[in-house]
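Engineer: task: produce atomic coordinates for the following.
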Amino acid sequence: MSWADAIFWLLAATALLAGWRVFRTDSMVRASFFLLASFIAVGAIMLMLGAAYLGFATIFMMAVEMMVMALFMVMFMMNPAGLNPMSMVHQHGLAIVAGLVTFAGLGAFALSVDLPSRPLPAGAEVTAPLGRELLGPSMLVFESAGVTLLATMICAVVLSSRSGRFGPSDAGSVPPSIDPTAQEKS
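Structural biologist: Below you'll find the predicted structure:
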């Protein structure tokens, strides 16, 4: 077994173990980070297989997505920071059946389909045309999404700070009353 094989199997085991832990942990924030670890391992496998664009895209996109998800969990979960114990799987029987049926269907498809083989000529440039296709006319959309994600992360940090949305978090902050006269009395 070569070093490449050993690293591949280590990354594959990491992806599977972290993916399994997503559903076995009792915290949404921890589940976000386990999912991030799983996707990073999958992205690293893609890099090893020579799919540089897909590997880096997976790693970078999932890193941003899971960080935003974790920040939103800290901001908006009903329990403190999304760290209190809770069940991550609902309808256990249905989830198991759906997972097994999906696995069997995808496995049967992967083993029975004759995928086309169109090798590229040696030295063919594939990354630049793909980049032009993805980012040519759609560049404004991608840039707008990037700025929006940055603003979302900054707002998440600000809203989850010590002051909280409704006053200092260590002073028993409560949301404002719906009754407008109650605010005048206090």
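
Engineer: for residue 119, which three-state class applies?
Structural biologist: For residue 119, the assignment made with DSSP: H, G, I helix; E, B strand; the rest coil gives coil.

Engineer: so where's this protein shaky on pLDDT?
Structural biologist: In the prediction, the chain carries residues with pLDDT under 70 at positions 77-89, 160-177, 180, 182-186.

Engineer: hey, which helix is longest across it?
Structural biologist: Longest helix in the chain by number of residues, with DSSP state H as the criterion: helix 52-76.

Engineer: for stretch 90-100, buried residues please.
Structural biologist: Along stretch 90-100, not one residue counts as buried under the neighbour rule (16 or more other Cβ atoms under 10 Å). For glycine as for every other residue, the C-beta is placed from the backbone atoms N, C-alpha and C.

Engineer: should've said stretch 63-80
Structural biologist: Neighbour-count burial for stretch 63-80 flags 64, 66-75, 77 (criterion: 16+ other Cβ under 10 Å).

Engineer: same deal with stretch 52-62?
Structural biologist: Of the residues in stretch 52-62, those buried under the neighbour-count criterion (16+ other Cβ under 10 Å) are 55, 58-59, 62.

Engineer: quick check: closest non-adjacent residue to the residue most central in space within the chain.
Structural biologist: Most central residue of the chain, judged by C-alpha distance to the mean C-alpha position with Cα atoms, centre = their mean, is residue 66 at 3.8 Å. Residue nearest to residue 66 in three dimensions, not counting chain neighbours: residue 36, with 3.8 Å by Cβ to Cβ, 6 or more residues apart in numbering.

Engineer: wait, isn't the one you found in contact with residue 63?
Structural biologist: Yes. In this structure, residue 36 sits in contact with residue 63. The criterion is Cβ atoms under 8 Å, and the distance is 6.5 Å.

Engineer: ranges for the strands of the protein?
Structural biologist: Taking DSSP state E, the chain contains no strands at all.
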